[in-house]
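Chemist: The following comprises the amino acid sequence and a computationally predicted model.
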Amino acid sequence: MKWIKWEDKLITGHAGMDHGHEGLIDLINQLADAMENNKPKELCSNLLEQFVEHTRTHFVAEEQLMDRLRYPKLAEHKALHAMLIKDVLTFKAVYDAGASTEFMTLLVILDTWMNRDIMGADKALADFAAATSVT
Ligand SMILES: [Fe+2]
Ligand SMILES: [Fe+2]
């Protein structure tokens, strides 16, 4: 099952960011598939780890872009990234510890990421970058 479909509303218009988001969504779908089909926990945990790592790299790239642009909403956007990473890591810690985790919890975190980060903060950043022609 595809949890999240790559669709037009997710496009920010910044090629680098869009490429990163597409890769992250692909990982989320692999993770959903593994969890849904009761694949070994180690595999799921590994995919979750990969998602965290790719997300971190992606966030760093966006934050470097904001630095280059002297983006006025840098602090706000960085705080949002920090919150999302913290939420995913908290979920992963609970999952790895073997406690019963509600998969819905992860869905809620990812939904926040898509709505507030990609469709909100990232889109605004992409528009700002386009207006200043910094890539
Ligand atoms: Fe992003
Ligand atoms: Fe972002």
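Modeler: Structure's in. What do you need? Residues are numbered from 1 along each chain as shown. Ligands and ions are numbered 1, 2, ... in the order given.
Chemist: ok, residues contacting whichever helix or strand L106 is part of?
Modeler: Applying DSSP states H and E as the criterion places L106 in helix 103-112. With contact meaning CB atoms under 8 Å, 6 or more residues apart in numbering, helix 103-112 is reached by W3, I4, I28, M35, L84, D87, V88, F91. (C-beta placed from N, C-alpha, C; glycine too.)
Chemist: now swap in stretch 72-92 and tell me
Modeler: Under CB under 8 Å, 6+ apart, the answer for stretch 72-92 is 45, 48-49, 51-52, 55-56, 59, 62-63, 66-67, 71, 101, 105-106, 109, 112-113, 116-117, 121, 124-125.
Chemist: can you tell me which of those are in helices?
Modeler: The helices, defined by DSSP state H, take in 45, 48-49, 51-52, 55-56, 59, 62-63, 66-67, 105-106, 109, 112, 124-125 from the contacts of stretch 72-92.
Chemist: residues from the chain in reach of ligand 2?
Modeler: Proximity of the chain to ligand 2 (CB under 5 Å from the ion) is limited to residues E62, D117, D122.
Chemist: The last one contacts G16, correct?
Modeler: No: in this structure, D122 is not within contact of G16 by CB atoms under 8 Å, at 10.7 Å.
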